[in-house]
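Novice: Predicted model and sequence follow; I will ask about them next.
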Amino acid sequence: MTVTLVLVVLMMAAFAGWLFRQSFNVRPWVAASARGQLPAPIPPSVTAPRVGLGVLLAVVTSVFALTVSAYLMRREMGADWQSPPLPGLLWGNTLALALASLALQVAWQAARRGATRRLHQALAVGGGLTLAFLVGQLVVWRQLEAAGYYLSSNPANAFFYLLTALHAAHLLGGLVAWGRVLARLHGGAGALRQRAGVELCALYWHFLLLVWALVFGLMLSS
Amino acid sequence: MGEREYDASSYAPPAEVEEMELPHPKGFFGKYVWSQDAKVIAVQYGLTATAIGLVALVLSLLMRLQLGFPNSLSLIDPGSYLQYVTMHGMIMVVYLLTAIFLGGFGNYLIPLMCGARDMVFPYLNMLSYWIYLASVLILVAGFFVAGGSTGAGWTLYPPQAISPGTPGVDTGIVLMLVSLAVFIVGFTMGGLNYVVTVLQARTRGMTLMRLPLTVWGIFMATVMALLAFPALFVAVLMMLMDRLIGTSFFMPEMLSMGESSDHRGGSPLLFQHLFWFFGHPEVYIVALPAFGIVSDLIATHARKNIFGYRMMVWAIIIIGALSFVVWAHHMYVSGMSPYFGFLFATTTLIIAVPTAIKVYNWVLTLWRGNIRLTLPMLFAIGFLFTFVNGGLSGLFLGNVTVDVPLSDTYFVVGHFHMVMAVAPILVIFGAIYHWYPKITGRMLDETLGKVHFWITFLGTYVIYYPMHFMGLEGVPRRYYAYGETTFISDSVQSLNAVITVAAFIVALAQLLFLFNLAWSYFRGREAGSNPWQATTLEWQTPHTPPRHGNFGKALPIVYRWPYDYSVPGVKQDFIPQNVPPEAVERESDTRRGGER
Ligand code: HEM
Ligand SMILES: [Cu+2]
């Protein structure tokens, strides 16, 4: 649980720090005058969808941190832990996901500059590479199974399948959002809404790439 | 922090609400069923939670019947008793309390109290309710499948939860786990809304330090729930895999009837850590909204500003943060290292400090207040008593040496019912009496309400106080019958009979309450827009009940905190948050008639 604890403490600390700035030196019981000053409005860059994504990522962080905590706890518990071999294909998959993340970044930049064709291309490439990653993960499962590393034969195997499946499920959810952004593009939505959607996708993908890197690293190290 | 000059008159048109193109509902169906209006969703949440809560209430009565008058109903056998315990506990904690505080009061009050037109993601908000309903239906399906619902206890500890011999091991447990997973997904959608709405959609002038404590409580509870529910989610997934596809996350190898099971190498302790990492914060997820609401009830009905507002806010935050580092106090009997136990006992006792501060502040708010003994006030005072009682026994249980012999006895049942069952329920009642006039436009009946209060308040003491003594004698919890023992005295049986009678009377009083809700909806006295003379924004809406969009054309501008009651030198004993100082009628003021 240490991993989770550290993350939760960090999130809470960030939150408390921010709150402290909002509440420090404030005298709530003093009323403002109608001809006085109004507190600063929220900066325009802090939009609801962005904040929403931030909160969602905190939740997803919690999910993965807890799973990894369980992984570490279980690993320390018994001598029966036997990590499965990691097929080489995983490296290829990792590359695909990294490129997908990159493509979405390019798409975001294109949306910002209003380069519509570039945006369409990059978005499509990003989605395609993500699909490739998912198929690749499926193939890895098959390979492991064929080699006799079943889900139920060792807790290490079970955790491997669980973590990869959780990660893939989050990517699938991302692909649903990606599909909606694509539909929005073809539906001729305004530039602003386009950009907002692409931006959220890109950030989500970067985050999932980071999660994958950590999960993969963890499994390499055990 | 930059500040911007503004002149109220130049702001007459409302704040920009660009992203809030409100989907305008069409027809009855669009208005009340597929509604994206947070107020409707709130009522949907509230009604669903109440309905499933009544099921849990009936289950508790069945259990009480068996305990008070053993074997009087042939329907109840040891297996079904365990099923009742499990479903009762889980429904009450998750599907009633969590859902009604966050989904119900959160949805209704956050946008109104923050001065927003609606939640920021209305569509997601609607989905959240329907997913919650689905989870409730899946849960209820457990009653009807072969083998019945699960009897694993609301803690669902493996290996027993998914081992042969436990009721509902075939289908019941699977439905329970799936239902929880679905609930968590739905809750996350709602939770995103509550948090982002508080952060992003507050009206102009509504700084964080001008938020009513109700919003603070619900907000912090949501933050905690968003971080804690994933633990349950992960645990549920892993247990489902153990049950359905033969992994061994939690299941050790077991010998049963001379045969060893298919599982090997799982760790039941792992589950306990995950479960309580969720389970303890869960206690505060239902407590913090109650804290917040009760603060507002007390301030409003004692006509006094809340004592130590900033302290109250920080206590909420600190309680929320600390409650993530105490989970192992539920595992003192799991054979943990004594140092570990000592650590968790310490953190547990530390939480008592901010909690005690809150209690003192409530009492100090009441001190010399102009207390109006309205129904919400009665329930708020009832909460104070009950919460302090339950909290004190919690201090006992927080200590390892005291907890170990008391663990799994009726002392624990008495403690947690006081502190996390009855206390929040009293707040829910108080809150309903308080906000019903805004939701429906009519007052609830006073006399019926008083009868309801006194029976519920006194009744719960008759029910739960004796349980502490039974626990000290060692009467175990989750037992269908006690059989012949040397340590349980005969008087326990008479006590149990008394408790059961009281439980039935309390349950009947709830029917009175439901009747009051229905009757007042049609026949209640017209409430007007601000019957309690409260300051917060939900009472300043142009229409009662508030219409779609909450505030008419212009969003209110907030000039002050929500606790300007009995301000010296001011004519009225309350100043709503959206009244600028210039418009306040002073006692010496003759020049200026108030425009209000
Ligand atoms: C009139 C109201 C209530 C009555 C008469 C009642 C009665 C009971 C009884 C008889 C038990 C089983 C004790 C045992 O055999 O171990 C129980 C367990 C429980 N109750 Fe209640 N209860 C009531 C309300 C609530 C509420 C509002 C909550 C909400 C938090 C709640 C939460 C629980 C929990 C968590 C358990 C433990 C379940 C388990 O052991 O798995 N109860 N209650
Ligand atoms: Cu606890």
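Specialist: Sure thing, it's come through. Ligands and ions are numbered 1, 2, ... in the order given.
Novice: quick one: which helix or strand includes residue B:156?
Specialist: Residue B:156 is part of no helix or strand, with elements assigned from DSSP states H and E.
Novice: got a list of what it touches?
Specialist: When contacts are counted by Cβ atoms under 8 Å, 6 or more residues apart in numbering or on different chains, residue B:156 touches B:150, B:173, B:176, B:177, B:239, B:271, B:275. All C-beta atoms are positioned from the backbone trio N, CA, C, and that covers glycine.
Novice: The fifth one: neighbour count?
Specialist: What that stands for is residue B:239. Residues contacting residue B:239 under the criterion other Cβ atoms under 10 Å in any protein chain shown number 28.
Novice: go on, the fourth one?
Specialist: Neighbourhood size, residue B:177 [other Cβ under 10 Å]: 24.
Novice: ok, now how distant is it from residue B:542?
Specialist: Using Cβ to Cβ, to the nearest Å, residue B:177 is found at 47 Å from residue B:542.
Novice: What of the first one?
Specialist: Between residue B:150 and residue B:542 the computed distance is 50 Å (Cβ to Cβ).
Novice: Over to residue B:531?
Specialist: 16 Å.
Novice: Residue 124: helix or strand, and which one exactly?
Specialist: In the absence of a named chain, this looks at chain A. Per DSSP H and E: helix A:116-146 holds residue A:124.
Novice: Sorry, I should have been clearer: chain B.
Specialist: Residue B:124 belongs to helix B:122-141, assigned by DSSP H and E.
Novice: helix or strand right after that helix?
Specialist: From helix B:122-141, the next helix or strand downstream (DSSP H and E) is helix B:172-200.
Novice: tell me the angle the next helix or strand after that next one makes with helix B:172-200.
Specialist: Next along the chain after helix B:172-200, taking DSSP H and E as the criterion, comes helix B:213-245. Following axes from the mean of the first three to the mean of the last three Cα atoms, to 10 degrees, one obtains 150 degrees for the angle between helix B:213-245 and helix B:172-200.
Novice: Which strands or helices does helix B:213-245 pack on?
Specialist: Using 3 or more Cβ pairs under 8 Å, 6 or more residues apart in numbering or on different chains; DSSP states H and E as the contact test, the elements touching helix B:213-245 are helix A:2-23, helix A:48-77, helix A:155-186, helix B:107-114, helix B:172-200, helix B:268-301, helix B:309-322.
Novice: For residue 220, which residues are in contact?
Specialist: By default, I'm working from chain A. residue A:86.
Novice: if you could check chain B rather than the one you did, that'd help
Specialist: Contacts for residue B:220 (Cβ under 8 Å, 6+ apart) come out as B:288, B:316, B:317, B:320.
Novice: near chain A too, which of these?
Specialist: Restricting the contacts of residue B:220 to those near chain A by Cβ under 8 Å from any Cβ of the partner chain leaves B:317, B:320.
Novice: Format the contacts of residue B:220 as CSV; extra columns: pLDDT and neighbour count.
Specialist: Putting the contacts of residue B:220 into CSV (pLDDT from 0 to 100; neighbours: other Cβ atoms under 10 Å in any protein chain shown) gives the following:
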residue, pLDDT, neighbour count
B:288, 96, 30
B:316, 94, 25
B:317, 92, 21
B:320, 91, 25
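Novice: of the contacts of residue B:220, closest to ligand 1?
Specialist: Within the contacts of residue B:220, proximity to ligand 1 (Cβ to the nearest ligand atom) peaks at residue B:288, which comes in at 14.5 Å.
Novice: List the contacts of the closest one.
Specialist: Here residue B:288 is in contact with B:217, B:218, B:220, B:221, B:224, B:316, B:319, B:320 (Cβ under 8 Å, 6+ apart).
Novice: hmm, 6 Å instead?
Specialist: B:217, B:220, B:221, B:316 (Cβ atoms under 6 Å, 6 or more residues apart in numbering or on different chains).
Novice: Residue B:95: which of these is nearest?
Specialist: residue B:221 (16.0 Å; Cβ to Cβ).
Novice: Next, count neighbours for the closest one.
Specialist: There are 29 residues near residue B:221, going by other Cβ under 10 Å.
Novice: just residue B:150 next, same as before
Specialist: So residue B:150, with other Cβ under 10 Å, has 28 neighbours.
Novice: Report whether the expected contact of it with residue B:173 is present.
Specialist: Yes - taking contacts as Cβ atoms under 6 Å, residue B:150 lies within contact range of residue B:173: 4.1 Å.
Novice: what do these two both touch?
Specialist: Joint contacts of residue B:150 and residue B:173 (Cβ under 6 Å, 6+ apart) do not exist.
Novice: sorry, back to before: so the helix holding residue A:124, near chain B or not?
Specialist: No - Helix A:116-146 lies apart from chain B when judged by Cβ under 6 Å from any Cβ of the partner chain; the minimum separation is 12.5 Å.
Novice: if I pick the residue of chain B found nearest ligand 1, what's in contact with it?
Specialist: For chain B and ligand 1, the shortest gap (Cβ to the nearest ligand atom) falls at residue B:89, measuring 2.7 Å. Residues counted as contacts of residue B:89 (Cβ under 6 Å, 6+ apart) are residue B:154.
Novice: Flag the helix or strand of chain A with the lowest per-element mean pLDDT.
Specialist: When each helix and strand of chain A is scored by mean pLDDT, DSSP states H and E, strand A:37-39 comes last, with a mean of 65.
Novice: Any stretches of the stretch 451-596 of chain B with poor pLDDT?
Specialist: B:589-596 (pLDDT under 70).
Novice: where do the strands sit along it?
Specialist: Under the criterion DSSP state E, counting those that start in this stretch, the stretch 451-596 of chain B carries no strands.
Novice: Could you list the residues of it in contact with ligand 1?
Specialist: By Cβ under 6 Å from any ligand atom, the part of the stretch 451-596 of chain B that sits against ligand 1 consists of B:463, B:477, B:478, B:503, B:506, B:507.
Novice: again, 5 Å this time
Specialist: When proximity is defined by Cβ under 5 Å from any ligand atom, the stretch 451-596 of chain B lies next to ligand 1 at B:477, B:478, B:503.
Novice: measure the last one to chain A for me?
Specialist: The gap separating residue B:503 from chain A is 38 Å, by Cβ to the nearest Cβ, to the nearest Å.
Novice: Show me the shaky parts of the chain.
Specialist: Just going to use chain A. Residues of chain A that meet the cut-off, pLDDT under 70, sit at A:34-41.
Novice: switch to chain B, that's the one I care about
Specialist: Using pLDDT under 70, chain B drops low at B:1-26, B:589-596.
Novice: okay, now the domains of it?
Specialist: B:35-248, B:267-527, B:536-596 (automatic domain parsing).
Novice: Need the winner for burial among those.
Specialist: domain B:35-248 (a mean of 22; mean count of other Cβ atoms under 10 Å in any protein chain shown).
Novice: follow-up on the earlier one: widest-spaced pair of the contacts of residue B:288?
Specialist: Most distant of these, by Cβ to Cβ, are B:221 and B:316, 8.8 Å apart.
Novice: Just want the residue of chain A that's nearest ligand 1.
Specialist: Counting by Cβ to the nearest ligand atom, chain A gets nearest ligand 1 through residue A:66, at 22.3 Å.
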